[in-house]
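# Here's my sequence, what's the structure:
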Amino acid sequence: MDPELLQTLMQNPEQGRELVQTMLAERAASNPTVAALMQMMSQRESEPDPAREPSPPRRTRVDRVRARVQDMRDELVRLRERMERLAAAVGACVSCWGDDDECVSCGGDGAPGWLDPDPIAFTDLIAPAVTRLADTNPDAGDGA
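Alright, predicted model coming up:
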């Protein structure tokens, strides 16, 4: 392929496309096979293909991807806040819950009970589950 044509195609695809069409048209004038191919290509471009759905504009796809990324960021923030509140309720390290020996906050010692539980978070998050467990299994607490 002509290096100038390749460079034009890379830098300005529309101008490169026009240049290729001009070159093909010149060859079609002297070559009946190229002329027939160009005519077939021209017909295909003008006929709609019912089996092929038109793709949405690139901008629409980019906007959808950006919106999805933002949704995931928002969800991550909500999940982190929820995990921090739960860690406070059980007195665990909010960074690693005691699972990371190299944690800068607790050095891996931050399992539940490492800190005093936050009484409000405990009452809101843990106490209802303990009450439910006691109601469904009354013999669980008597050592039997």
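
# so what secondary structure elements neighbour the longest helix anywhere in the chain?
The helix that spans the most residues within the chain, counting by DSSP state H, is helix 58-90. With contacts defined as 3 or more C-beta pairs under 8 Å, 6 or more residues apart in numbering; DSSP states H and E, the packing partners of helix 58-90 are helix 119-121. For every residue, glycine as well, the C-beta is placed using N, CA and C.

# And the helix it packs on, what's buried?
When burial is assessed from 16 or more other C-beta atoms under 10 Å, helix 119-121 yields the following buried residues: A121.

# cool, stretch 101-118 as well?
103, 106, 110, 112, 114, 117-118.

# Phi first, then psi, for P128.
The phi/psi pair for P128 (degrees, to the nearest 10) reads phi -60, psi -40.

# rewinding a little: show me how far the longest helix of the chain is from its chain's centre.
Using C-alpha atoms, centre = their mean, to the nearest Å, the distance from the centre of helix 58-90 to the centre of the chain it belongs to is 10 Å.
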